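Enquirer: Sequence and computational prediction follow.
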Amino acid sequence: MAQAPSTALPATKAQPSGSLRGNLSVASIVFIVVAAASPLGVIGGPVPLGIASGNGAGFPFSFVIATLVLLLFSVGFTQMTRFVPHAGAFYAYIGAGLGRAVGLGAAFIALLAYLALEAGVFGLFGPGLGELVEAYGGPELPWWVWAAACFAVVAVLGYRNIELSGKLLAVLLIAEVAIVVALDAVVIFSGGGPEGFSRGIVTPAEIVSGAPGIGILFAILSFVGFEATAVFRDEAKDPDRTIPRATYISLIAIGVFYTVSSWVLISANGQSGIVAKASENSGTILQSTTEAYLGSVGGHIVQLLFVTSLFACILSFHNISSRYFFQLGVRQVLPASLGQAHPTLGSPAKASVLTSAVTGVLVLLAVVLQLEPINQFYTWLGGISSVGVVLLLTLTSIAVLAFFSRKQPGGPKWGRQVAPALGLAGLLGFLGIILVNLPSLVGEDGYGPFSIGVLALLVAGMVARVLLSKRREVLL
């Protein structure tokens, strides 16, 4: 394997006096990015929707396809890690391969996507915690009260050093994964459900039944967050080794977990009737299935951990967004003060405060406009995030191919040409599926004001870089 040059991308600016401090291991980064994917939230949310609206008993195979495509993407992504010694993630990679202007556009798309998802998940958390409190005899309060409480905790944790968030996310992630693994184990060792084990995952007729494109859509959206490993480069131990390992471990762990757990959920309820059950009880099927196999205690635990899973998701995306703001401050695209680390905590404190302010304004707007928290606020912002992240993955794949073709020719063909090209083909297919189904994703019958608005916002993010790039030369 070729050795990375010592100055792959020359620095044109001095770093600010303060820099991010952290000692994140592979495991710590894995916990942060997997928590962003919200495994329990996916099994309780997108999986029933993918079964009901997508390809029924064949839906678990959608996770296999998504995992394979994203693994191909990750081959080129991790190959390039050694040549991009900056924590800018998407926009640093895109800038290195496609130029500074496109990289800046990618930075604003990334910020838009991650901030939208962080704010949108408050629309799930508020009602979820409210229902949990009421179930135990607590007061009935508006969803935004619970969202505000969560907001305050996330703001404090995000302000502090990343290692504190990493430890908390590790505990929450282990708990939410453990309950699903326990359910999987009981169902598997009891021989499956009323019809035994589902065969849909290996039956071509089931895999292509219904609307397999919708199945792929929900599968790819379930992985959002895994790609953020490179954002924590400055706070990682030996980043040239830690980032690639964390990327592969996160992706494979998420893919296997989703595939097995969705297959078990179908098996536990019976393959023949799963579409009807998922359609009628999409929001409660995980809890009812857990109660059937683990008793009422198991059902209560799932209800609790579903809420903590959403909290972990919000905290993870807050940390990711803060580091995007921080890196843009370092490069003086945004005010340089955002790129100054806290002198004691070594955290992106000012960038975290800005992240809190933006998400707080978005939640406040939802309250003032009286948006329904799940079907409007979360769904609309989730639509923005889904299109943005898949677009960024696609641009990153193109950037990898361009970088190794023009700036670092040679090297392993599989890692620098073949795998990235195959990954790009798959991502273009995913992007097409999302664009075709975007109206359904945001709750419209056809392309209407909001669907068009989502695309307009992403275009505006790219255009904004033209104005900002005129300010001064920027390091990417």
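Expert: Great, that's in hand. Residues are numbered from 1 along each chain as shown.
Enquirer: Excluding chain neighbours, give the residue nearest to residue 293 in space.
Expert: Leaving aside its chain neighbours, residue 293 sits nearest to residue 186 (4.8 Å; criterion: CB to CB, 6 or more residues apart in numbering). C-betas here are computed from N, CA, C, even on glycine.
Enquirer: How many neighbouring residues does the one you found have?
Expert: 16 (other CB atoms under 10 Å).
Enquirer: What does it show for phi and psi?
Expert: phi -60, psi -40 (degrees, to the nearest 10).
Enquirer: likewise the one 3 residues further on?
Expert: Summarising the backbone geometry of residue 189 under the convention degrees, to the nearest 10, its torsions are phi -80, psi -10.
Enquirer: I'd assumed residue 284 was in contact with residue 299.
Expert: No: with contacts counted by CB atoms under 8 Å, residue 299 stays clear of residue 284, the gap being 9.6 Å.
Enquirer: Can you pick out the residue with more neighbours from these two?
Expert: residue 299 (19 against 14).
Enquirer: Helices of the stretch 301-450 of the chain, residue ranges please.
Expert: 349-368, 379-406, 413, 419-441, 449-469 (DSSP state H, counting those that start in this stretch).
Enquirer: Dump those helices into JSON lines; add mean pLDDT, distance to residue 85 and mean neighbour count as well.
Expert: JSON lines is the format used below for these (pLDDT from 0 to 100; distance: least, CB to CB, whole Å; neighbours: other CB atoms under 10 Å):
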{"stretch": "helix 349-368", "mean pLDDT": "94", "distance to residue 85": "20", "mean neighbour count": "19"}
{"stretch": "helix 379-406", "mean pLDDT": "88", "distance to residue 85": "14", "mean neighbour count": "23"}
{"stretch": "helix 413", "mean pLDDT": "90", "distance to residue 85": "24", "mean neighbour count": "10"}
{"stretch": "helix 419-441", "mean pLDDT": "89", "distance to residue 85": "20", "mean neighbour count": "19"}
{"stretch": "helix 449-469", "mean pLDDT": "69", "distance to residue 85": "22", "mean neighbour count": "16"}
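Enquirer: So for stretch 307-314, mean pLDDT?
Expert: Mean per-residue pLDDT for stretch 307-314: 89.
Enquirer: Format the CA atom coordinates belonging to that stretch as CSV.
Expert: Only the C-alpha atoms of stretch 307-314 are listed here, as CSV (Å, rounded to 0.1, in the frame of the first residue of the first chain):
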residue,chain,number,x,y,z
VAL,A,307,-37.3,7.6,23.8
THR,A,308,-33.7,7.4,24.9
SER,A,309,-32.8,6.2,21.4
LEU,A,310,-34.3,9.4,20.0
PHE,A,311,-32.3,11.5,22.6
ALA,A,312,-29.1,9.7,21.6
CYS,A,313,-29.9,10.5,17.9
ILE,A,314,-30.4,14.2,18.7
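Enquirer: Which residues does that stretch contact?
Expert: With contacts defined as CB atoms under 8 Å, 6 or more residues apart in numbering, stretch 307-314 is touched by 35-41, 118, 121-122, 124-125, 128-129, 132, 150, 153-154, 168-169, 172-173, 175-176, 225.
Enquirer: Drop anything exposed from the residues you listed.
Expert: The neighbour count (16 or more other CB atoms under 10 Å) marks 35-41, 118, 121-122, 124-125, 128-129, 132, 150, 154, 168-169, 172-173, 175-176, 225 as buried among those.
Enquirer: can you tell me which residues contact the closest residue to residue 44 other than its chain neighbours?
Expert: Excluding the flanking residues, the one nearest residue 44 by CB to CB, 6+ apart is residue 286, at 4.1 Å. For residue 286, the contact set (CB under 8 Å, 6+ apart) comprises 43-44, 47-48, 265, 302, 306.
Enquirer: any idea how far residue 293 is from residue 392?
Expert: Separation of residue 293 from residue 392 (CB to CB, to the nearest Å) stands at 39 Å.
Enquirer: on that earlier part again, which pair of the contacts of residue 286 spans the longest distance?
Expert: Based on CB to CB, the longest span within the contacts of residue 286 runs between 265 and 306 and measures 14.2 Å.
Enquirer: neighbour count winner among those two?
Expert: residue 265 (29 against 26).
Enquirer: what about that one, is that helix, strand or coil?
Expert: helix (DSSP: H, G, I helix; E, B strand; the rest coil).
Enquirer: That one contacts residue 287, doesn't it?
Expert: No: using CB under 8 Å, residue 265 is not in contact with residue 287; the gap is 11.5 Å.
Enquirer: Please state the mean pLDDT value computed over the helix or strand containing residue 72.
Expert: For residue 72, the host element (DSSP states H and E) is helix 60-81. Confidence over helix 60-81 (mean pLDDT, whole number) is 92.
Enquirer: and it, how far out from the chain's middle?
Expert: Its chain's average C-alpha position is 14 Å from that of helix 60-81, according to CA atoms, centre = their mean, to the nearest Å.
Enquirer: Which secondary structure elements does it sit against?
Expert: Secondary structure elements in contact with helix 60-81, counted by 3 or more CB pairs under 8 Å, 6 or more residues apart in numbering; DSSP states H and E, are helix 90-98, helix 212-221, helix 239-269, helix 379-406, helix 419-441.
Enquirer: Figure out which of those helices is closest to residue 370.
Expert: helix 379-406 (13.9 Å).
Enquirer: now the closest one against helix 212-221, angle please.
Expert: Going by axes from the mean of the first three to the mean of the last three CA atoms, to 10 degrees, helix 379-406 is angled at 80 degrees with respect to helix 212-221.
Enquirer: Heading C-terminal from helix 379-406, find the next helix or strand.
Expert: helix 413.
Enquirer: residues near the nearest residue to residue 114 once chain neighbours are set aside, how many?
Expert: Leaving aside its chain neighbours, residue 114 sits nearest to residue 321 (4.6 Å; criterion: CB to CB, 6+ apart). Using other CB under 10 Å, residue 321 has 31 other residues around it.
Enquirer: any idea how far residue 321 is from residue 337?
Expert: Residue 321 is 17 Å from residue 337, by CB to CB.
Enquirer: quick revisit: how about the helices of the stretch 301-450 of the chain, which one is nearest residue 343?
Expert: Short answer: helix 349-368, nearest of these by CB to CB, at 9.2 Å.
Enquirer: Tell me how many other residues surround residue 120.
Expert: Residue 120: 27 neighbours (other CB under 10 Å).
Enquirer: swap that for residue 111, sorry
Expert: 21.
Enquirer: Same check on the one 5 residues further on?
Expert: Using other CB under 10 Å, residue 116 is surrounded by 26 other residues.
Enquirer: can you pull the contacts of residue 223?
Expert: 37, 66-67, 70, 251, 254-255.
Enquirer: Which of those residues sits closest to residue 348?
Expert: Once CB to CB is applied, the member of these that ends up nearest residue 348 is residue 37, at 21.9 Å.
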